[in-house]
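**Student:** Output the structure for:
(4 chains)
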Number of protein chains: 2
Amino acid sequence: MPDWRSICPLSSALDVFGDKWSLLIIRDLAMYGTRTYSEFLNAPEKISTNILASRLKTLEEFLLIEHVNSDASSRGNPYKLTESGVDLLPVAIAFRVWALKYLPEFHENLSDFPVIIK
Amino acid sequence: MPDWRSICPLSSALDVFGDKWSLLIIRDLAMYGTRTYSEFLNAPEKISTNILASRLKTLEEFLLIEHVNSDASSRGNPYKLTESGVDLLPVAIAFRVWALKYLPEFHENLSDFPVIIK
DNA sequence: CCGCATCCGTTACGATACTG
DNA sequence: CAGTATCGTAACGGATGCGG
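**Tutor:** A predicted model of the protein is given here:
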């Protein structure tokens, strides 16, 4: 549990997700529906194993993701979004819309790839 | 300029803003219209001076904020949002909406305070 | 004073090796 | 295959300095 910096909802959301990786995990789950640990590792951004494990734990604690088979072992047991996780997609989409409009002048190779819920 | 992790727009946006502070600067500018360096320091989250200076520089580089008096010295010269900065507000608002719905169970004292463009 | 820059201890990150 | 342990590096954050 973070040390909440203030009572502001935006600030508090950033206390939980204010990092470079959490929303990419949400993105992968939105694109593919379910995803295993090793599938997350294959995303083009190449997250390292300790960071992935740490983020998955936080996202589980805050009830954004859960294992598909809730009481099986985690081996080969993929993750999926909860309702709360699905409700984070507007954030990811707003970032996408902004980035596609304003980042191409800074990032030549930036290209559109979709965020789709399956 | 960051080392872009991939060509994904979301990932690239996070390469720029994937931290706990940048969106709070955007929030303060949205709430108050303009804001000086020392006014940012008075926000309840208590950012430290070196981090504030660093974030302001990045936000200026990416054309999200600018000084109100474009060719005056920076002493007492407040910042304001550019068009690009204003277009980041949907991200902040989406975070807010999500936080107000899902964070109260984790953060008792969380309370609504507005994001308004003046 | 106000807007930073510098210093420096502490924390977080990230690559790799390793374990059940 | 799903994570831990380790360890070097980078970022953070508080204190302080400094020029205008």
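**Student:** Pull the contacting residues for the closest residue to DNA strand C within chain A.
**Tutor:** Relative to DNA strand C, the nearest point of chain A is A:S48 (3.7 Å; C-beta to the nearest atom of the strand). Backbone N, C-alpha and C define where each C-beta goes, glycine included. A:S48 makes no contacts at all, as judged by C-beta atoms under 8 Å, 6 or more residues apart in numbering or on different chains.
**Student:** Looking at per-residue confidence, what score does it get?
**Tutor:** Model confidence at A:S48, given as pLDDT, is 97.
**Student:** how much space between it and A:P104?
**Tutor:** Going from A:S48 to A:P104 by C-beta to C-beta, to the nearest Å gives 28 Å.
**Student:** Then A:D19?
**Tutor:** The spacing between A:D19 and A:P104, counted by C-beta to C-beta, is 24 Å.
**Student:** who has more neighbours, these two?
**Tutor:** For A:D19 versus A:P104, the count of surrounding residues by other C-beta atoms under 10 Å in any protein chain shown is larger for A:D19: 17 against 14.
**Student:** Tell me the predicted confidence for that one.
**Tutor:** pLDDT at A:D19 comes out at 97.
**Student:** In a helix, it, correct?
**Tutor:** No - the assignment for A:D19, made by DSSP: H, G, I helix; E, B strand; the rest coil, is coil rather than a helix.
**Student:** Do I have it right that it meets B:F17?
**Tutor:** No - contact criterion C-beta atoms under 8 Å: A:D19 and B:F17 do not qualify, at 10.7 Å.
**Student:** Helices of chain A, start to end?
**Tutor:** Applying DSSP state H to chain A gives helices spanning A:9-17, A:22-32, A:37-41, A:49-61, A:83-86, A:89-102.
**Student:** I would like the residues contacting the second one, please.
**Tutor:** Which is helix A:22-32. Contacts of helix A:22-32 (C-beta under 8 Å, 6+ apart): A:16-17, A:35, A:39-40, A:43, A:45, A:47, A:52, A:55-56, A:58-59, A:64-65, A:79-81, A:85-86, A:88-89, A:91-92, A:95, A:114-118, B:8, B:10-11, B:14.
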